[in-house]
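> let's see this in three dimensions:
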Amino acid sequence: MYYRDEWLLERGFHRFKRGSLPALPIYFQNQNRIIGLMFLLNIALRVFTLMEFVVRQALQLAQESLPGLYDGNPKRKTNRPSAEQMLKVFCNLTLYFLPDSTVFVTPLNHLKNRFLT
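As a prediction, the model looks like this:
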């Protein structure tokens, strides 16, 4: 139980190496651009970690799990969704700005509303 629920520092480094925030290879020659890129990737990593923490804590307090995050098995539930899974849910979201200054968003399904709350 402790092994599965522990916080893993290596997950963040994996995201930098081969995950959703790849830092390698870096083709920049200017040192300032490399520092700037790593700074932005570090901020993104912190946002991912914060997203996971907040959603997992809310699910734990409500004693719920979320179905519909796995492509091959839509009924499979999880109470520890990753940031990548959460962002993948919002891939087909479209925001329209109409000429008369009206804003229209494609309808949100139940899972998207749960994440936003």
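> nearest spatial neighbour of Leu116, chain-adjacent residues omitted?
Leaving out its chain neighbours, the residue that sits closest to Leu116 by CB to CB, 6 or more residues apart in numbering is Leu108, at 7.4 Å. No exception for glycine: its C-beta is placed from N, CA and C like everyone else's.
> so what does the helix ranked longest in the chain touch, helix or strand wise?
For the chain, the helix with the greatest residue count under DSSP state H is helix 31-62. Under the contact definition 3 or more CB pairs under 8 Å, 6 or more residues apart in numbering; DSSP states H and E, helix 31-62 sits against helix 10-17, helix 83-89.
> tell me the angle it makes with helix 10-17.
Orientation check (axes from the mean of the first three to the mean of the last three CA atoms, to 10 degrees): helix 31-62 against helix 10-17 gives 140 degrees.
> residues near Gln31, how many?
8 (other CB atoms under 10 Å).
> now Gln57
Gln57 has 10 neighbouring residues, counting by other CB under 10 Å.
> how about Glu84?
Using other CB under 10 Å, Glu84 is surrounded by 15 other residues.
> that one: what's its closest spatial neighbour, skipping adjacent residues?
Per CB to CB, 6+ apart, closest to Glu84 is Ser20, 5.2 Å.
> quick check, pLDDT for the one you found.
On pLDDT, Ser20 comes in at 79.
> dump the residue contacts of the residue positioned nearest the centre of the chain.
The centroid of the chain falls nearest to Ala83 when counting by CA atoms, centre = their mean (2.4 Å). By CB atoms under 8 Å, 6 or more residues apart in numbering, the residues touching Ala83 are 20, 47-49, 51-52.
> give me the low-pLDDT residue ranges for the chain?
1-8 (pLDDT under 70).
> now the residue of it most remote from its centre: which helix or strand?
No residue in the chain sits farther from the centre than Asp100, which is 33.0 Å out by CA atoms, centre = their mean. Assigned by DSSP states H and E, Asp100 falls within no helix or strand.
> one step back: ranking by neighbours, what's the top pick from the contacts of Ala83?
Phe48 (21 neighbours).
> state the distance from that one to Ser20.
8 Å (CB to CB, to the nearest Å).
> what is in contact with those two at once?
Common contacts of Phe48 and Ser20 (CB under 8 Å, 6+ apart): 83-84.
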